[in-house]
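Enquirer: Just a sequence and a predicted model for now, questions to come.
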Amino acid sequence: MDLGIAGKWALVCGASKGLGYACARSLAGEGVNLVINARTAQPLAEAAQRIGDETGVTVVAVACDVTTPQGRAEALAAAPQVDILVNNAGGPPAGDFREFSRDDWIRAIDANMLTPIELIRATVDAMIARRFGRIVNITSAAVKAPIDALALSNGARSGLTGFVAGLARKTVAHNVTINNLLPGMFDTERQRQFTAVVAGRMNVAPEVERQRRIASIPAGRLGDPHEFGQACAYLCSAQASFVTGQNFLIDGGTYPGTF
Ligand code: NAD
């Protein structure tokens with residue numbers, strides 16, 4: 001299916017690896033030019049080179065911390081226009097909520113709630129004026145079913161979800177949609193780190209915890225980031241103009257509810 005977005009420009013944050021990279025790669029596969037961002041220059045430059053070589057689109061790499069005002073300004077300035085915005089940044093640390101200080105909470109809210117809101121604020125009016133915009137926020141399955149060790153993520157991402165639920169119903173009349181993609185367990189570096197943290201707490205080897213996690217997924221495996229990227233590309237497609245304010249859970253059947 002031709003997604004009808006070739007030649008558009010996307011800003012994809014947190015895109016040197018993992019789910020952000022997968023979203024960038026899938027959009028590039030549809031002919032979308034990219035500004036990709038991550039904090040560390042070398043892996044980001046390699047990711048940009050690989051995506052450009054594989055797809056032929058223009059890929060601009062901006063190494064910066066997207067959770068800072070300066071980082072966001074640099075990323076935004078690198079795109080001639082932002083037709084598609086994929087919000088993403090590293091997730092907050094795991095731990096018991098008693099261990100977290102007010103500063104820890106502010107950092108989590110800054111990264112996983114206020115940064116996406118700031119980037120939406122910076123881009124949404126121009127999207128409305130052009131009568132095309134697609135915004136996808138990478139959040140977490142924790143929004144639908146809280147994850148015990150991820151109190152910071154449960155809280156901050158739910159705040160973003162509530163905000164988006166309101167705005168998405170305003171922008172859709174202008175062909176600007178805003179949706180959230182909720183990853184379950186995907187095979188990325190973040191997943192490996194989190195698995196190691198949980199294994200350490202339970203005093204078992206990381207591979208034991210990894211297998212325990214896989215056994216909890218009805219699909220019998222971790223998600224492949226490419227599967228996630230393809231869902232992102234669909235939400236950014238011309239055809240998805242009637243889909244807004246949704247929380248699209250991709251978790252291999254892990255969430256046990258009927259709805
Ligand atoms: P990852 O660690 O594999 O990749 C994160 C990417 O974001 C990297 O490119 C990193 O350089 C970049 N990044 C991190 N902080 C940044 C910042 N401040 N500014 C710019 N770039 C930054 O992580 P992932 O597994 O791809 O996860 C992406 C998001 O999805 C995270 O917020 C994570 O918590 C969430 N998530 C992931 C899973 C999973 O199973 N992988 C599950 C639920 C939620």
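Expert: Looks like it came in fine.

Enquirer: Output the longest strand belonging to this protein.
Expert: Secondary structure of the chain per DSSP state E: the longest strand is strand 176-183.

Enquirer: Partner strands of that one, with direction?
Expert: Strand 176-183 sits in its sheet next to strand 133-138 (parallel), strand 247-250 (parallel), going by DSSP bridges.

Enquirer: Reformat those strands as CSV; add mean pLDDT and mean neighbour count.
Expert: (Each C-beta comes from the backbone N, C-alpha and C, glycine too.) CSV is the format used below for the strands paired with strand 176-183 (pLDDT from 0 to 100; neighbours: other CB atoms under 10 Å):
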stretch, mean pLDDT, mean neighbour count
strand 133-138, 98, 27
strand 247-250, 98, 18
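
Enquirer: Compare these and give me the one nearest the ligand.
Expert: Among those, strand 133-138 comes nearest to the ligand, with 4.9 Å by CB to the nearest ligand atom.

Enquirer: Mind exporting the C-alpha coordinates of that closest one to PDB?
Expert: Output in PDB follows, covering the C-alpha atoms of strand 133-138 (Å, rounded to 0.1, in the frame of the first residue of the first chain):
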ATOM      1  CA  GLY A 133       0.200  16.800  10.200                       C
ATOM      2  CA  ARG A 134       0.800  13.500  11.900                       C
ATOM      3  CA  ILE A 135       2.100  13.300  15.400                       C
ATOM      4  CA  VAL A 136       3.000  10.000  17.100                       C
ATOM      5  CA  ASN A 137       4.100   9.800  20.700                       C
ATOM      6  CA  ILE A 138       6.000   6.700  21.700                       C
END
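
Enquirer: Next secondary structure element downstream of that strand?
Expert: Next in sequence after strand 133-138, counting helices and strands by DSSP states H and E, comes helix 151-171.

Enquirer: Now do the buried residues in stretch 103-111.
Expert: 104-105, 107-111 (16 or more other CB atoms under 10 Å).

Enquirer: Now do it: distance to the chain's middle.
Expert: When C-alpha coordinates are averaged (CA atoms, centre = their mean, to the nearest Å), stretch 103-111 and its chain have centres 17 Å apart.

Enquirer: what is the mean pLDDT for it?
Expert: Mean per-residue pLDDT for stretch 103-111: 97.

Enquirer: what's that stretch in contact with?
Expert: Residues outside stretch 103-111 that contact it (CB atoms under 8 Å, 6 or more residues apart in numbering): 67, 89-90, 92-93, 152-153, 155-156, 159.

Enquirer: same deal with stretch 158-173?
Expert: Applying CB under 8 Å, 6+ apart, the set of residues contacting stretch 158-173 from outside is 109, 112-113, 116-117, 120, 124, 127-128, 133, 137, 139, 143, 177-180, 241-242, 244-245, 247.

Enquirer: Using ChimeraX, make a named selection holding only the buried ones among those residues.
Expert: In ChimeraX syntax, the buried subset of the contacts of stretch 158-173 is picked out as below (16+ other CB under 10 Å):
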select :109,112,113,116,117,120,124,127,128,133,137,139,143,177,178,179,180,244,245,247
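
Enquirer: who wins for neighbours among the contacts of stretch 103-111?
Expert: residue 156 (27 neighbours; other CB atoms under 10 Å).

Enquirer: Alongside the ligand, which residues does the stretch 1-150 of the chain contribute?
Expert: Selection of the stretch 1-150 of the chain residues close to the ligand by CB under 6 Å from any ligand atom yields 13-20, 37-40, 65-67, 88-91, 138, 140-141.

Enquirer: Alright, calling it a day.
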